[in-house]
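Asker: Coordinates for the following, if possible.
(one chain, ligands or ions: 1)
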Amino acid sequence: MDNAPLTISGRAAVETGPLLAVDARGITKRFGRVAAVAGVDLQIARGEIVAFLGPNGAGKSTTIDMLLGLAKPDSGSVSVFGRSPRAAIAQGFVSAVLQTGGLLNDLTVRETVELTASVFADARPVDEVLERAGIREIGDRMVGKCSGGQQQRLRFAMALLSDPGLLILDEPTTGMDVEGRRDFWSAIRADAARGRTVVFATHYLDEADAYADRIVLLRQGRIVADGTAAEIRNLASGRVVHATIPDADPVALAAIPGVERVEARGERFAITTQDSDTLARTLLTTTTARDLEITGQNLENAFLALTSEGQDR
Ligand SMILES: Nc1ncnc2c1ncn2[C@@H]1O[C@H](COP(=O)(O)OP(=O)(O)OP(=O)(O)O)[C@@H](O)[C@H]1O
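Answerer: The predicted structure is shown next:
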């Protein structure tokens, strides 16, 4: 299997074979008494952009480690483009952008990429990867003088050298400001438009919402939801009624039939309910509520509903 012919994105983006980028079947990984990954089945098609989302300790990094061959599953199997993760990496089909490490402060951005390129038999041209990562203009800057966002883009540039079919990013924008995150993702998105498969773990729901075709929601080592952002939002039923209610009594609000959760920010309330008509009627006729707004569930509510304690699916 490991020697199957393969043409991947980048150099030959148009030629895509039938192989899945990732095919994980029943993978588990324990650390002592902790089941970090407790039976994950995951098939990722070529060209998909997939976000792993989940609370701390959900098993995102452990799953990524197994996709990268850095950790061996206790049971189950992982294949990447039809071969073992290690073989896929050795052949340049997979690259990773991890959060830390791997950079020398005393080299320039360009020198860093050149040095990395020298270890590949068949690397992409340095200018091309600098351009694709959006850092060509800072090629002469010392790495130690680059911002966190620029350093992550440098890691991205290094990851592009082998023109991998699969790019794996573990919380790539942690610590970046809003603009840095937006710029970083535009570079990733533009590159992924060429057919590259991208898998990333994140804590930022808005990133998963904005940049992933598909969200895999993990909790306690298991997949609790898998779908588009819209599909995940729909898994959390009910509506949210927003209203400004001076002198409100939160206990009385929570007692209105259908109400599931009451959150207040000053006089502005967000009330999650299974019956928004009854709630709106009650608010308008029995309280001082004004400026009512009724919306569907957002990704954050769905995330909390699907990953909170007591949810056992
Ligand atoms: N090397 C290790 N030794 C012991 N326990 C570990 C190890 N690596 C992970 N774990 C445990 O496995 C579980 C899953 O951890 P993992 O890092 O995969 O979660 P995560 O979803 O990436 O979390 P975070 O969002 O906090 O990065 C956690 O309970 C963690 O403490």
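Asker: any idea how far stretch 222-232 is from the chain center?
Answerer: Distance of stretch 222-232 from the chain centroid (C-alpha atoms, centre = their mean, to the nearest Å) equals 12 Å.
Asker: Show me which positions of it end up buried.
Answerer: R222, I223, V224, A225, D226, A229, I232 (16 or more other C-beta atoms under 10 Å). C-beta here means a position set from N, CA and C on the backbone, and glycine is covered the same way.
Asker: Identify the residues contacting stretch 288-297?
Answerer: 233-234, 236-248, 272, 276, 280, 283-284, 305 (C-beta atoms under 8 Å, 6 or more residues apart in numbering).
Asker: Which of these are buried, as a PyMOL select command?
Answerer: Selection of the buried residues among the contacts of stretch 288-297 in PyMOL, burial being defined by 16+ other C-beta under 10 Å:
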select buried, resi 233+236+238+239+240+241+242+243+245+248+272+276+280+283+305
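Asker: now the nearest residue to D41 once chain neighbours are set aside: how far from L42?
Answerer: Among residues not flanking D41 along the chain, R25 sits closest, at 5.7 Å (C-beta to C-beta, 6 or more residues apart in numbering). Note on R25: its distance to L42, by C-beta to C-beta, to the nearest Å, is 8 Å.
Asker: what ranges do the helices span in the stretch 101-250 of the chain?
Answerer: Applying DSSP state H, counting those that start in this stretch to the stretch 101-250 of the chain gives helices spanning 109-117, 126-132, 148-160, 178-192, 205-211, 229-235, 250-254.
Asker: I'd assumed I271 was in contact with A243.
Answerer: Yes - counting by C-beta atoms under 8 Å, A243 does reach I271; the two are 7.3 Å apart.
Asker: if we can go back for a sec, neighbour count: R25 and L42, which is higher?
Answerer: L42 (19 against 15; other C-beta atoms under 10 Å).
Asker: sorry, back to before: shared neighbours of A243 and I271, anything?
Answerer: Common neighbours of A243 and I271 (C-beta under 8 Å, 6+ apart) do not exist.
Asker: For stretch 156-169, C-alpha coordinates in PDB please.
Answerer: Output in PDB follows, covering the C-alpha atoms of stretch 156-169 (Å, rounded to 0.1, in the frame of the first residue of the first chain):
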ATOM      1  CA  PHE A 156       3.400  28.000   7.300                       C
ATOM      2  CA  ALA A 157       5.900  28.900   4.500                       C
ATOM      3  CA  MET A 158       8.200  26.100   5.800                       C
ATOM      4  CA  ALA A 159       5.300  23.600   5.700                       C
ATOM      5  CA  LEU A 160       4.600  24.500   2.100                       C
ATOM      6  CA  LEU A 161       8.100  23.600   0.900                       C
ATOM      7  CA  SER A 162       7.300  20.000   0.200                       C
ATOM      8  CA  ASP A 163       4.000  21.100  -1.400                       C
ATOM      9  CA  PRO A 164       2.100  18.700   0.900                       C
ATOM     10  CA  GLY A 165      -1.300  17.400   0.000                       C
ATOM     11  CA  LEU A 166      -2.300  17.600   3.600                       C
ATOM     12  CA  LEU A 167      -1.500  20.500   5.900                       C
ATOM     13  CA  ILE A 168      -2.200  20.000   9.700                       C
ATOM     14  CA  LEU A 169      -2.300  23.000  11.900                       C
END
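Asker: That one near the ligand anywhere?
Answerer: No - counting by C-beta under 6 Å from any ligand atom, the ligand has no neighbours in stretch 156-169; the shortest distance is 12.7 Å.
Asker: And that stretch, what's buried?
Answerer: So for stretch 156-169, counting by 16+ other C-beta under 10 Å, buried means 156-169.
Asker: Tell me how many other residues crowd V199.
Answerer: Using other C-beta under 10 Å, the number of residues around V199 comes to 27.
Asker: pretty sure it contacts V22?
Answerer: Yes - between V199 and V22 there is a contact under C-beta under 8 Å: 7.0 Å.
Asker: list residues touching both of these two?
Answerer: Going by C-beta under 8 Å, 6+ apart, residues that sit against V199 and also against V22 are I44, L67, L166.
Asker: Tell me who's in contact with the first one.
Answerer: Contacts were defined as C-beta under 8 Å, 6+ apart; by that measure I44 touches L20, A21, V22, D23, V50, T197, V199.
Asker: Now do it against N301, distance only.
Answerer: 26 Å.
Asker: So for this structure, the centremost residue is which one?
Answerer: With distances taken as C-alpha atoms, centre = their mean, A51 lies nearest the centre of the chain, 3.0 Å away.
Asker: Specify the next element, helix or strand, located C-terminal of the one helix or strand that residue maps to.
Answerer: Secondary structure from DSSP states H and E places A51 in strand 49-53. The helix or strand immediately downstream of strand 49-53 is helix 60-67, counting by DSSP H and E.
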